[in-house]
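# Sharing a model that was predicted from the sequence below.
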Amino acid sequence: MDRVFRSEEQPFISEVIAVDEFLASAMHARTRTQPACSSSTAPSAEVDDDEDVDERVQQFAAFAGVSDEVGHELAALCLPESLKCNDGIEADDRDPFVTQIPDVPLVTLQIRKQEVQKRAQNPTYKAVGMRTLKYDRVDYKALNDNRNTVIPKAYTPPDVILTITVMKPYNRPLDHHEVRLGRLLKADARFLVRGQQELSVLRDRIPCASDYALHKDVSENPQSIHPTDFSRDLHPSNFLFFHDTFYVDSRKEKSTDLSEGVREWARRRSKEIGPFRVADMARTRFSDLRLRMGQPYLYLHQGSCEHLIVVSDIRLMDVEDNQDVSAYPLSILQKYKKRTACYGCKMYTAKWVTYGNERLPCDPTFFCEECFRSFNYASGEKIGSFKAVPFFDRTALST
Ligand SMILES: [Zn+2]
Ligand SMILES: [Zn+2]
């Protein structure tokens, strides 16, 4: 795939990272800095005695390759008191998007000026630009709730945390104007996952309404639905694709390898694409992956529902991170607030959808439970001609 994307030439795509090798090198770097920074132990609010401080400053100076004198100078400059503003300084509450940029002949500033003006004049352009920022729609409450309030002295075992964004799915190529409006890469879910977790834990948390589609009309007897009638159980085949490998989900009996056709197709075009490998997602951990940050990968299920997946960060786990592996994958994207409301009462979220309803002007029509029963049935008998299936609003899908 790297040849197709020209990954080496893209500024937003990293080099290939072997996650386990990253963990080993990051742990090595941490071990080297430990004596100077005490990064694996809890930061203490208590004031150390002078001798202790001297020793730590000397260790830091030796690590940083500077003299003890410079080390002491840096320690004094970096005291929390030095970082405070003087009294009387007023907070700068100017909007950074309308801040005046000095009129000097620097090309970077001229480009910045044009960008700021464009954002100020065009709210849609500004919104699309903001959406690509790293912290757009981050659920800070989820992040803070997951933080350790009681910091342990040390933590085990060492592990990495990956930030993975799952994009809104499409089952067709988007039109040119849709891509221009930024619909191709619209974040649908974002998770923090641990390196020691299997890929299948991520697959189980990806929300998608197509897993809850029902391919039969139940208007005659809405009570007849069984939980196993939905697509999720009828068509459980799916795979995740990272770098050069299809990680197939074979946990369910009915599962088939959806990547087989793609791999066969790629074999016939071996000069343009591939080679690809295949592995079991339930037996592969995130720490086993080789991947590029910033490169779009794929989660495919229900035959043609494609979700692009982007790994945007890999970092060493810290003492402040929740040490409980069961807390991951941790959802850190704000939930959607837009929902499909009931056509009848315009108040409750839709739970049913009818097709070809001859007593209604629009098709399809969405109903809440109460309106669906009261409008379409009399004494339990169906009124008129229509087809009905349950509807799962995406705000109801938990991540
Ligand atoms: Zn989907
Ligand atoms: Zn209603």
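Alright, I've got the coordinates. Ligands and ions are numbered 1, 2, ... in the order given.
# Can you give me the neighbour number for R190?
Counted with other C-beta atoms under 10 Å, residues neighbouring R190 total 24. C-beta here means a position set from N, CA and C on the backbone, and glycine is covered the same way.
# What is the burial count for whichever residue of the stretch 101-250 of the chain sits closest to ligand 2?
For the stretch 101-250 of the chain and ligand 2, the shortest gap (C-beta to the ion) falls at P222, measuring 15.1 Å. Other residues within reach of P222, judged by other C-beta under 10 Å, total 18.
# Can you pull up the residues of the stretch 101-250 of the chain that come close to ligand 1?
Neighbours of ligand 1 within the stretch 101-250 of the chain, by C-beta under 5 Å from the ion: 169, 208, 210.
# nearest residue to A213 other than its sequence neighbours?
Distances taken as C-beta to C-beta, 6 or more residues apart in numbering place S231 nearest to A213, at 4.6 Å, with adjacent residues excluded.
# burial of that neighbour, as a residue count?
S231 is flanked by 19 other residues according to other C-beta under 10 Å.
# Over to T365?
When counting by other C-beta under 10 Å, one arrives at 24 neighbours for T365.
# Could I get the contacting residues of it?
Taking C-beta atoms under 8 Å, 6 or more residues apart in numbering as the contact definition, T365 lies against 343, 353-354, 357.
# which is the next helix or strand following the helix or strand I111 falls within?
I111 belongs to helix 107-121 when elements are defined using DSSP states H and E. Moving toward the C-terminus from helix 107-121, the next helix or strand (DSSP H and E) is helix 123-131.
# roughly how far is the following helix or strand past that following helix from the heart of the chain?
Using DSSP H and E, the helix or strand that follows helix 123-131 in sequence is helix 140-145. The chain centre lies 15 Å from the centre of helix 140-145; the measure is C-alpha atoms, centre = their mean, to the nearest Å.
# Identify the structural domains in this structure and state their residue ranges.
The record, using automatic domain parsing to delimit domains, assigns the chain the ranges 151-213+224-331, 338-399.
# Contacts only, for the residue of the stretch 101-250 of the chain closest to ligand 2.
Contact partners of P222, counting by C-beta under 8 Å, 6+ apart, are 352, 372, 388.
# in a strand, that's where A388 is, yeah?
Yes - the secondary structure assignment for A388 places it in a strand, going by DSSP: H, G, I helix; E, B strand; the rest coil.
# Looking at the contacts of P222, spot the one nearest A327.
W352 (35.0 Å; C-beta to C-beta).
# still on that earlier bit, quick check: angle from the helix holding I111 to helix 123-131?
If you take axes from the mean of the first three to the mean of the last three C-alpha atoms, to 10 degrees, helix 107-121 sits at 120 degrees to helix 123-131.
# one step back: out of the contacts of T365, list just those in helices.
Applying DSSP state H to these, no entry is found in helices.
# that older thread, packing partners of the helix holding I111?
helix 123-131 (3 or more C-beta pairs under 8 Å, 6 or more residues apart in numbering; DSSP states H and E).
# pull the CA atoms of the helix or strand in which V57 is found into PDB?
Using DSSP H and E, the secondary-structure element containing V57 is helix 50-64. This file holds the C-alpha atoms of helix 50-64, laid out as PDB (Å, rounded to 0.1, in the frame of the first residue of the first chain):
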ATOM      1  CA  ASP A  50      19.200  20.600  50.100                       C
ATOM      2  CA  GLU A  51      21.600  17.600  49.800                       C
ATOM      3  CA  ASP A  52      19.100  15.600  47.900                       C
ATOM      4  CA  VAL A  53      18.300  18.500  45.500                       C
ATOM      5  CA  ASP A  54      22.000  19.100  44.900                       C
ATOM      6  CA  GLU A  55      22.500  15.400  44.000                       C
ATOM      7  CA  ARG A  56      19.500  15.400  41.600                       C
ATOM      8  CA  VAL A  57      20.700  18.600  39.900                       C
ATOM      9  CA  GLN A  58      24.100  17.100  39.500                       C
ATOM     10  CA  GLN A  59      22.600  14.000  38.000                       C
ATOM     11  CA  PHE A  60      20.500  16.100  35.600                       C
ATOM     12  CA  ALA A  61      23.500  18.200  34.600                       C
ATOM     13  CA  ALA A  62      25.500  15.000  33.900                       C
ATOM     14  CA  PHE A  63      22.600  13.700  31.800                       C
ATOM     15  CA  ALA A  64      22.100  17.000  29.900                       C
END
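# average pLDDT for the helix or strand that that helix is followed by?
Stepping forward along the backbone from helix 50-64, the first helix or strand reached (DSSP H and E) is helix 68-77. When the per-residue pLDDT values of helix 68-77 are averaged, the result is 87.
# buried residues in helix 68-77?
When neighbours are counted by 16 or more other C-beta atoms under 10 Å, the buried residues of helix 68-77 are found to be 71-72.
# Relative to the whole chain's centre, how far out is the lowest-mean-pLDDT helix or strand in the chain?
Within the chain, no helix or strand scores below helix 80-83, which has a mean of 71 by mean pLDDT, DSSP states H and E. On the basis of C-alpha atoms, centre = their mean, helix 80-83 is displaced by 36 Å from the centre of the chain it belongs to.
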